[in-house]
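Peer 1: Sequence and predicted structure below; questions after.
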Amino acid sequence: MNKYKNSVLVVGFNVRPIATSLYSAGYKVFAVDFFGDEDLYPCVRDSLILTKELAANYEALKGIYHEYLLKLSLRLLYKHPYIEYLIIGSGLDDAFNERITYFKQIRDNKYSIKSLNNSIETFKNARNIQNLYKLLEKKNYNYPLTLESVKHTINDSKLQFPFILKKRQSSGGVNVYKIESYQQFLYLKNTLQINFQDNQWLAQEYIDGLAVSCTVISNGNDARVISINRQILGEKFLNAPKEYIYCGNVVPANLLKQDEKLIAAISLFLTRTLKLKGINGFDYVLKNHYPYLMEVNPRIPGSLRASEAALGINLMELHIQSFSEDKWNDIINTLERIEIQNYATKLVLFASQTIKRGLVKEINEIEFVNDKTTPDHEVQKGEPVCTILYTGNTFADSYFGALKVVDKIERLIKNEQ
């Protein structure tokens, strides 16, 4: 008996949701993860955790972790050379050079592992914002005005305050700033020591609207929408450390049918044109019932577990099947049969202050808490504490039920002061 049959190596910033889904589907899971949350370990056969391997905390590693995750993955693969599948999650979207080196080493070592990811060339096309907007323009879809030459932004009459200043590598809302004035622009430039000559930053028209996302599955040619989701970004009640940091989702988004139809049409057009494979995510801002594309995430999106809870299906099973030509009709039949079971809200809670070990353990025991921080260290201010996943019969039941869990955790923290 092959002990690595149906085995999957998952690599990413937070692989616990993917690992949970794969484990539930009966796969043998191996993981390389940034955090090493307590509820990851029951789902995996073996793992390497970046913060533990480098003996460093979230703050020290959050800007450079992509350099190490794939290296740790090679270590784990050396130990388990017959793992069948590879899935790369969040945190490595723009690490093109690291991916090239990584896959070269897999080939050089003659590992038989099968990549269930988009190709590097597809990744580059999907993450190239100007390339995406050219595609949208051909179909007469609107998109935010975007200037790549930031050094001329202030003098450009096309772009008015406020505008968005964002780094090309801005996954999860990191390195995204709303600029309200020239003084703020100069302050940010100086404090972050930004060099606009390196073309790592771009300026974008500010679109004031509702943040939404769309989750799509594809076999590289055909595609189907899985769910349209409300996005939760930078919320103060979740102690988000930055204005646009990712804080969760509500699935489904509870939008007008006409809005959902246009979001689906744009997402499917881009999926087929880019020839994306597997499950991928699209981020939009909905303004006056029109979706403006913000970015494409050509990998499993953060809304995975909320979508699964709302639809009552295992999406990672479908992701793996989408890489087999003979499984596509089965996927279509599955998606055509499913109906919304309920609403699901995912909230990411960040620490408003230092949380001691004993309190971390108490928080982990609360119902509906996931991504549980291991209680072997304190959680520092600004670090993620946990996520809450709460389902309900209505949008309000789900959302406010999740808020009650957040309130319960915050009361515990305040009582420790």
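Peer 2: That came through fine.
Peer 1: low-scoring stretches of the chain, by residue?
Peer 2: Scanning the chain with the threshold set as pLDDT under 70 gives 1, 149-158, 169-171, 196-198, 417.
Peer 1: Now do the domain split for it, please.
Peer 2: For the chain, the structural domains run 7-117, 145-205, 210-415, going by automatic domain parsing.
Peer 1: Would you mind putting the ones you listed into TSV with mean neighbour count and distance to residue 123 alongside?
Peer 2: Heads up, the C-betas are built off the backbone N, CA and C, glycines and all. Output for the domains of the chain, formatted as TSV (neighbours: other CB atoms under 10 Å; distance: least, CB to CB, whole Å):
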stretch	mean neighbour count	distance to residue 123
domain 7-117	19	7
domain 145-205	15	12
domain 210-415	19	5
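Peer 1: Can you add distance to residue 133 and give those back as TSV?
Peer 2: Shown next, in TSV, are those (distance: least, CB to CB, whole Å):
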stretch	distance to residue 133
domain 7-117	17
domain 145-205	7
domain 210-415	8
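Peer 1: Of the ones you listed, which is nearest residue 139?
Peer 2: domain 210-415 (6.2 Å; CB to CB).
Peer 1: which element is residue 37 on?
Peer 2: In the assignment (DSSP states H and E), residue 37 maps to no helix and no strand.
Peer 1: picking up where we left off before, wait, which of the domains of the chain is closest to residue 129?
Peer 2: domain 145-205 (6.0 Å).
Peer 1: so how far does the closest one reach from one end to the other?
Peer 2: 5 Å (CA to CA, to the nearest Å).
Peer 1: ditto for stretch 143-162
Peer 2: Terminal-residue distance, stretch 143-162 (CA to CA): 17 Å.
Peer 1: how much space is there between residue 194 and residue 177?
Peer 2: Relative to residue 177, residue 194 is positioned 10 Å away (CB to CB, to the nearest Å).
Peer 1: Residues in contact with both of these two, list them for me.
Peer 2: Residues touching both residue 194 and residue 177 by CB atoms under 8 Å, 6 or more residues apart in numbering: residue 188.
Peer 1: Figure out which of the domains of the chain is closest to residue 126.
Peer 2: domain 210-415 (4.2 Å).
Peer 1: Ends of that closest one, what's the gap?
Peer 2: Per CA to CA, domain 210-415 runs 35 Å from first to last residue.
Peer 1: What lies in contact with stretch 312-327?
Peer 2: For stretch 312-327, using CB under 8 Å, 6+ apart, the contacting residues are 8, 18, 21-22, 24-25, 27, 85, 87, 114, 116, 217-219, 226, 277-279, 300, 304, 307-308, 328, 330-331, 334-335, 338, 341.
Peer 1: Next step: those residues restricted to helices.
Peer 2: 18, 21, 22, 24, 304, 307, 308, 328, 330, 331, 334, 335 (DSSP state H).
Peer 1: from these, which is closest to residue 387?
Peer 2: Using CB to CB, these come closest to residue 387 at residue 304, 11.5 Å.
Peer 1: any idea how far that closest one lies from residue 184?
Peer 2: Distance, residue 304 to residue 184, by CB to CB: 35 Å.
Peer 1: Then residue 205?
Peer 2: With CB to CB as the criterion, residue 205 and residue 184 are 17 Å apart.
Peer 1: With distance to residue 59 as added columns, please give the ones in helices among the contacts of stretch 312-327 in CSV.
Peer 2: Shown next, in CSV, are the ones in helices among the contacts of stretch 312-327 (distance: CB to CB, whole Å):
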residue, distance to residue 59
18, 25
21, 29
22, 30
24, 33
304, 26
307, 31
308, 31
328, 44
330, 45
331, 41
334, 42
335, 41
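Peer 1: Quick check: the farthest pair among those?
Peer 2: The most distant members of the ones in helices among the contacts of stretch 312-327, if one measures by CB to CB, are 24 and 328, lying 22.3 Å apart.
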